[in-house]
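Enquirer: My questions concern the predicted model and sequence given below.
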Amino acid sequence: MKLDKKDLLLYAITDRSWLNGMTMEEQLKEAITGGATIVQIREKNMNYSDFLEEAKSLYKICKSSNIPFIVNDNIDIAREINADGIHVGQEDMDAKDVRAIIGDKMILGVSASTVEEAIKAEKNGADYLGVGAVFSTSTKKDADSVSYEELKKICDAVSIPVVAIGGITYDNMDVLKDSGICGISVISAIFAQNDIRKATENLKNKSEKLFKYHKMPVALTIAGSDSSGGAGIQADIKTMTVHGVFAESAITALTAQNTTGVMSVFESSPEFLSEQLDSVFSDIYPNAVKIGMVSSCNLIHVISEKLREYNAKNIVVDPVMISTSGSRLIEEDAIKTLKEELFPLASVLTPNIPEAEVISGIEIKSTEDMIKASKIIGDNFKCAVLCKGGHSINDANDLLYSNGEFRWFYGKRIENNNTHGTGCTLSSAIASNLAKGKNLEMSVLEAKNYISGALSYMLDLGKGSGPMNHAFSVHGEYK
Ligand SMILES: Nc1ncnc2c1ncn2[C@@H]1O[C@H](COP(=O)(O)OP(=O)(O)O)[C@@H](O)[C@H]1O
Ligand SMILES: Cc1ncc(COP(=O)(O)O)c(N)n1
Ligand SMILES: [Mg+2]
């Protein structure tokens, strides 16, 4: 079963301590009629066969109402009844091991109370996170407490949905409104109430008002448009979108271009580029910025001025000079301005080998030369450098030079001549990952995996060096 964000609006977790004369089944039916959107069975002190019986019987009720049914902790029970999902805490089994056992189909929920735990859980294959305790709770007294700021940071750092948990009541839930959560998870706010149905209805109505709006990380691309859609702004927007990042754009130039070459370029005026940047930064502030084709000095002035004015963060500069098809995309004197004004603002620069030669002033014929050139560039401009190996003769290995250290990102060369837009796509993937709060190394590592996946799809369009399938991971069914 695939989890939808909306399923997490009101997450009911069972607890026998509140039975109050009713059976668990009766209580659950009331909660579902009241509007619970997902249910978890949580039994801490029950023997296997009783747990199994109860799980079977509660699952039946959820199934008949089409509500996802999750089993807490007990992977054997979850598998035996073929539940919709399993939820594990930090003290329980490692999420990675659970995912390996349950396979891709079953929903995996993981508890987290820090950004690090949250990022790790997402990486290990969690479908959603339960983050808490956001208030002090009577159910789990030893739970780590999570401040509103930490909750917000977690929601920003991951792209899987988050539900808040711990001590949430009808009266205190309002303060969670803008944290980025998709809903709330409760036990006593439902099951300890005299009128379970009414209490659930009230929580559901309020959740619908508070959590129907969602935030997401934002990245801005400042680049040229490629009419053929494989590189430039178009590649950037596709890449950011499939990374779960909202893409904004400021266009430096329109190109009439296809897989065989660039027919003509119509540059944006500096004034108009400036207006685009003002519009973007003053409203939806980006968490990361990617800069691609910028062909002239005046446009570079505008960009560096605006990036400083708005204190832009996580700036990925792809020093685009010549397209894969061989067309020049920057004026000669603009290279000097690029070095003087943009490179010092970059968090990371992503030259390919020919670009690294121009910037460093040395020839690159070997991996040793890549190391030398990256060091010259990084030390000169005081930024990290990713020297891409797409143009090398051997494998497609990229070298990161950051904070005085080198790290290789290895990639098998894929026998595919359709590499139009690889540079644009890689830098946008890095910017997307930075926008999500990942560190530079992780951002590069995941971007490298993404570009290898997009190339491996072996899309074949156009008469020249064609584009990649940016959405290979989304549209796998068309493979
Ligand atoms: N044939 C290939 N197989 C695997 N990876 C590739 C291939 N060509 C390019 N890449 C990767 O694509 C990214 C873009 O690299 P490159 O082609 O060197 O940049 P640019 O597009 O700016 O010229 C790098 O991560 C590089 O290693
Ligand atoms: C508008 C525009 N920007 C950049 C590139 C570079 O393409 P590549 O990523 O293949 O180097 C391009 N061909 N067109
Ligand atoms: Mg390329």
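Expert: Sure, I can see it. Numbers count the residues shown, from 1 in each chain. Ligands and ions are numbered 1, 2, ... in the order given.
Enquirer: packing partners for the helix or strand of the chain with the lowest mean pLDDT?
Expert: Least confident helix or strand of the chain, by mean pLDDT, DSSP states H and E, is helix 332-337 with a mean of 87. The contact analysis (3 or more C-beta pairs under 8 Å, 6 or more residues apart in numbering; DSSP states H and E) places helix 332-337 against helix 297-309. Using the backbone N, CA and C atoms, a C-beta is placed for each residue, glycine as well.
Enquirer: run the last query once more with 10 Å
Expert: If you count contacts as 3 or more C-beta pairs under 10 Å, 6 or more residues apart in numbering; DSSP states H and E, helix 332-337 packs onto helix 297-309, helix 353-360.
Enquirer: Dump those to a markdown table, plus distance to E117, mean neighbour count and mean pLDDT.
Expert: Formatted as a markdown table, these follow (distance: least, C-beta to C-beta, whole Å; neighbours: other C-beta atoms under 10 Å; pLDDT from 0 to 100):
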| stretch | distance to E117 | mean neighbour count | mean pLDDT |
| --- | --- | --- | --- |
| helix 297-309 | 33 | 19 | 97 |
| helix 353-360 | 38 | 20 | 94 |
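Enquirer: a markdown table please, covering those and showing distance to ligand 2.
Expert: Listed next are those as a markdown table, based on distance: least, C-beta to the nearest ligand atom, whole Å:
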| stretch | distance to ligand 2 |
| --- | --- |
| helix 297-309 | 13 |
| helix 353-360 | 9 |
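Enquirer: that older thread, can you give me the buried ones in the least confident helix or strand of the chain?
Expert: Across helix 332-337, burial judged by 16 or more other C-beta atoms under 10 Å covers A334, I335, T337.
Enquirer: roughly how far is it from the heart of the chain?
Expert: Chain-centre distance of helix 332-337: 34 Å, with C-alpha atoms, centre = their mean, to the nearest Å.
Enquirer: Likewise for stretch 254-266?
Expert: 31 Å.
Enquirer: Going along the chain, name the helices of the stretch 301-450 of the chain.
Expert: Secondary structure of the stretch 301-450 of the chain, counting by DSSP state H, counting those that start in this stretch: helices at 332-337, 353-360, 367-381, 422-435, 440-456.
Enquirer: Now do the strands in the stretch 151-300 of the chain.
Expert: For the stretch 151-300 of the chain, applying DSSP state E, counting those that start in this stretch gives strands covering 162-165, 183-186, 218-226, 246-258, 261-267, 288-291.
Enquirer: Among those, which comes closest to ligand 2?
Expert: With distances scored as C-beta to the nearest ligand atom, the stretch of the strands of the stretch 151-300 of the chain nearest to ligand 2 is strand 218-226 (3.2 Å).
Enquirer: Tell me the residue in this structure that is farthest from the middle.
Expert: Going by C-alpha atoms, centre = their mean, the residue of the chain most distant from its centre is G21, 46.1 Å out.
Enquirer: what about it, distance to K306?
Expert: G21 is 66 Å from K306, where distance means C-beta to C-beta, to the nearest Å.
Enquirer: And C62, by the same measure?
Expert: Distance of C62 to K306, given as C-beta to C-beta: 52 Å.
Enquirer: Ok, I291 next?
Expert: Look at I291 and K306: by C-beta to C-beta, they are 11 Å apart.
Enquirer: before we move on, what about S323?
Expert: S323 is 25 Å from K306, where distance means C-beta to C-beta.
Enquirer: next one: R197
Expert: 55 Å.
Enquirer: Check A435 too.
Expert: If you measure A435 against K306 using C-beta to C-beta, the figure is 18 Å.
Enquirer: D73 now?
Expert: To K306, D73 is 51 Å away according to C-beta to C-beta.
Enquirer: what does S111 give?
Expert: Counting by C-beta to C-beta, the gap from S111 to K306 is 42 Å.
Enquirer: G437 now?
Expert: Distance from G437 to K306, by C-beta to C-beta: 23 Å.
Enquirer: now I77
Expert: In terms of C-beta to C-beta, I77 sits 57 Å off from K306.
Enquirer: Ok, A429 next?
Expert: Noted for A429: a distance of 24 Å to K306, by C-beta to C-beta.
Enquirer: Tell me the residues of the chain that contact ligand 1?
Expert: Neighbours of ligand 1 within the chain, by C-beta under 6 Å from any ligand atom: 324, 352, 388-391, 396, 398, 411, 413-414, 416, 419, 422-423, 426, 448, 451-452, 455.
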